[in-house]
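[1] Fold the following and give me the result.
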Amino acid sequence: MVLFTGKGGVGKTTLAAATAAHLARSGRKTLVVSTDPAHSLGDALDAGLSGEASDVDGVAGLFAAHIDARALLEGAWGRLQDHLRTLLAGAGVEELVAEELTLLPGVEELLALGEVRRAAEAGPWDVVVVDCGPTAETLRLLALPEAVGGYLERLFPAHRRAVRGLLAGLAGQAPAGRDAARRWEVTADALDGLADELAGLRALLAGPQTSIRLVLTPERVVAAETRRTVTALALHGLAVDGLIVNRLVPEPDSDEPGPAAAWVRRRAGEQAAVLADLAGLGLPLRTVGHTAEEPAGVAALLALAADLWGHDDPAADPGARAPLLRVRRTAGAGTSADSAFTLTLHLPGVATEALDLARVGDQLAVTVAGVRRLVALPAGLRRCTVTGARLDGDDLHVVFRPDPAQWMR
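    Numbers count the residues shown, from 1 in each chain. Below is the predicted model:
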């Protein structure tokens, strides 16, 4: 699966559609699907799209769909929300409060992502290309499985054990009690299903079968947002496999006269400076020239893809990725009280961003570029205290030493 995202207006939808057409022409059955509320994928392909995958004229093996999250909201999630309201009402929560508690954050995006997962895992596709929404929405979307999973656990901690215990107490009661037991049983099953869905989404997004490509235009403001996005995604354990710089203007001859040529030379110089800055991220970088006409329709998209990919495979395995988190012992041995450990978080671009670090119980709260994540500490480090932290390039090193009050417990 290949995900395309970027700041609004940089051309990510066009490049996602062009990449899908390129893959289909290479002989692979390809689905390009959009979760972007802008509904512009059909315009790029010059085809009418719906929530169901349909073939696109112009290249065999190319199919497209647009996910309507609002329709999904009225289906499976509506049923689960009813179950949750029943559970809360049974616990004595007022109806208005129960309604607010069951409005999970970002549920529309979560449902859209779930549909993408089902298409990738159950459909007859060799490759699925995803046109995600603009960067801010995509960051929230890609982080949702973990965020909503934590929210759900806080709302219904250890729900399976608690519900099953209540069921045992209700089993021998009057018919009303047995009806309540059945409702709790259905709610527990629904929560289990959501938990499984979240775990599956997380595994898909962070797994080697998923590539994330960031699209940008060669402008300093856009490049700065792209750097922050790379770091924020890495904080959530999601690796960016490449950058695509769109709409590069051609550089005219140095002796070409006229104000237009002077403007283009100056613009090309600014673009070159942006490309040099992006090279510091150490990610594969591709460029696409600025076309005189906006590409629309399969023929134009295939020409654009040839400029972008040439003979390369857009869905090639990106290879081994650096793990988000590593722990190593730096002093002592065994259970020695003078031990020291260093936890390292690999966060590309972190050196240029504002960073905040805090210990929250058994978790490390890391905030980078306005994005916060609670990183669960390995068991051994939970009995330690944080004694220092430092940045080394793209690596954040956090030093731990044993807490005498807990170390030998």
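
[2] Only C-alpha atoms from now on, for both contacts and neighbour counts.
    Fine.

[3] What segments of the protein are helices?
    12-25, 41-45, 69-73, 76-90, 95-101, 107-122, 135-155, 159-170, 175-206, 220-235, 259-279, 298-309 (DSSP state H).

[4] can you pull the alpha-carbon coordinates of stretch 377-386 into PDB?
    Below are the C-alpha coordinates for stretch 377-386, written out as PDB (Å, rounded to 0.1, in the frame of the first residue of the first chain):
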ATOM      1  CA  LEU A 377       8.500   2.500  28.700                       C
ATOM      2  CA  PRO A 378      10.000  -1.000  28.700                       C
ATOM      3  CA  ALA A 379       9.400  -2.900  32.000                       C
ATOM      4  CA  GLY A 380      13.000  -2.300  33.300                       C
ATOM      5  CA  LEU A 381      12.900   1.400  32.700                       C
ATOM      6  CA  ARG A 382       9.700   1.800  34.700                       C
ATOM      7  CA  ARG A 383      11.700   1.300  37.900                       C
ATOM      8  CA  CYS A 384      14.200   4.000  36.900                       C
ATOM      9  CA  THR A 385      14.200   7.700  36.900                       C
ATOM     10  CA  VAL A 386      15.200  10.100  34.100                       C
END
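
[5] And it, what's buried?
    Neighbour-count burial for stretch 377-386 flags 377, 381-386 (criterion: 16 or more other CA atoms under 10 Å).

[6] Equivalent analysis for stretch 276-290, please.
    Buried, per 16+ other CA under 10 Å, within stretch 276-290: 278, 281, 285, 287-288.

[7] What degree of burial does Gly242 show, as a neighbour count?
    If you count neighbours by other CA atoms under 10 Å, Gly242 ends up with 18.

[8] I meant Leu357, not that one.
    For Leu357, the neighbour count with other CA under 10 Å is 13.

[9] What sits closest to it if chain neighbours are left out?
    What sits nearest to Leu357 in space, not counting adjacent residues and going by CA to CA, 6 or more residues apart in numbering, is Val366, at 4.9 Å.

[10] From Pro323, how far off is the one you found?
    16 Å (CA to CA, to the nearest Å).

[11] between these two, which one's more packed in?
    The neighbour comparison of Val366 against Pro323 (other CA under 10 Å) goes to Val366, with 18 against 14.

[12] OK, contacts around the more buried one?
    355-358, 372-375 (CA atoms under 8 Å, 6 or more residues apart in numbering).

[13] for Asp395, same thing?
    Per CA under 8 Å, 6+ apart, neighbours of Asp395: 344-348, 350.

[14] Can you tell me which of those residues is closest to Ala306?
    Pro348 (29.4 Å; CA to CA).

[15] How about the closest one, nearest residue that isn't a chain neighbour?
    Pro348's closest residue in space is Asp394 (CA to CA, 6+ apart), at 4.8 Å.

[16] Same list (the buried residues of stretch 377-386) but as JSON lines, adding pLDDT and distance to Ala199.
    Converted to JSON lines, these look like this (pLDDT from 0 to 100; distance: CA to CA, whole Å):
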{"residue": "Leu377", "pLDDT": "87", "distance to Ala199": "19"}
{"residue": "Leu381", "pLDDT": "90", "distance to Ala199": "25"}
{"residue": "Arg382", "pLDDT": "89", "distance to Ala199": "24"}
{"residue": "Arg383", "pLDDT": "89", "distance to Ala199": "27"}
{"residue": "Cys384", "pLDDT": "91", "distance to Ala199": "29"}
{"residue": "Thr385", "pLDDT": "93", "distance to Ala199": "30"}
{"residue": "Val386", "pLDDT": "92", "distance to Ala199": "30"}
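
[17] So which of these sit within strands?
    Among the buried residues of stretch 377-386, the members falling in strands (DSSP state E) are 384-386.

[18] circling back: can you name the residues bridging to the residue nearest to Leu357?
    Beta bridges link Val366 to Leu357, Arg373 when assigned by DSSP bridges.

[19] In terms of pLDDT, where does it sit?
    We have a pLDDT of 90 for Val366.

[20] Over to the one 4 residues further on?
    What the model reports as pLDDT for Gly370 is 77.

[21] so who does the residue nearest to Pro402 when sequence neighbours are not counted touch?
    Using CA to CA, 6+ apart and skipping residues adjacent in sequence, the residue nearest Pro402 is Cys384, 4.1 Å away. Residues in contact with Cys384 (CA under 8 Å, 6+ apart) are 400-403, 406-407.

[22] Could you dump those residues into TSV and include distance to His236, pLDDT and neighbour count?
    What follows is these, written out as TSV (distance: CA to CA, whole Å; pLDDT from 0 to 100; neighbours: other CA atoms under 10 Å):
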residue	distance to His236	pLDDT	neighbour count
Phe400	22	94	23
Arg401	25	93	21
Pro402	27	92	23
Asp403	28	91	15
Gln406	29	84	11
Trp407	29	82	17
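
[23] Out of those residues, which is nearest to Leu302?
    Phe400 (53.3 Å).

[24] for the stretch 201-350 of the chain, what are the low-confidence residue spans?
    For the stretch 201-350 of the chain, applying pLDDT under 70 flags no range at all.

[25] how about a cut-off of 80?
    Per-residue confidence for the stretch 201-350 of the chain (pLDDT under 80) gives these ranges: 201-206, 236, 251-256, 317-324.

[26] tally of neighbours for the nearest residue to Ala206 once chain neighbours are set aside?
    Nearest non-adjacent residue to Ala206, counting by CA to CA, 6+ apart: Leu238, 5.3 Å away. Residues within reach of Leu238, counting by other CA under 10 Å, total 23.

[27] Could you check how far the residue nearest to Leu357 is from Pro37?
    30 Å.

[28] likewise Pro284?
    Counting by CA to CA - Pro284 and Pro37 are separated by 29 Å.

[29] same thing with Asp126?
    From Asp126 to Pro37 the distance is 25 Å (CA to CA).

[30] Read off the pLDDT value for Val163.
    Value for Val163, per-residue pLDDT: 52.

[31] Ser290: what's it in contact with?
    For the record, residue 290 is His, not Ser. His290 neighbours (CA under 8 Å, 6+ apart): 246-250.
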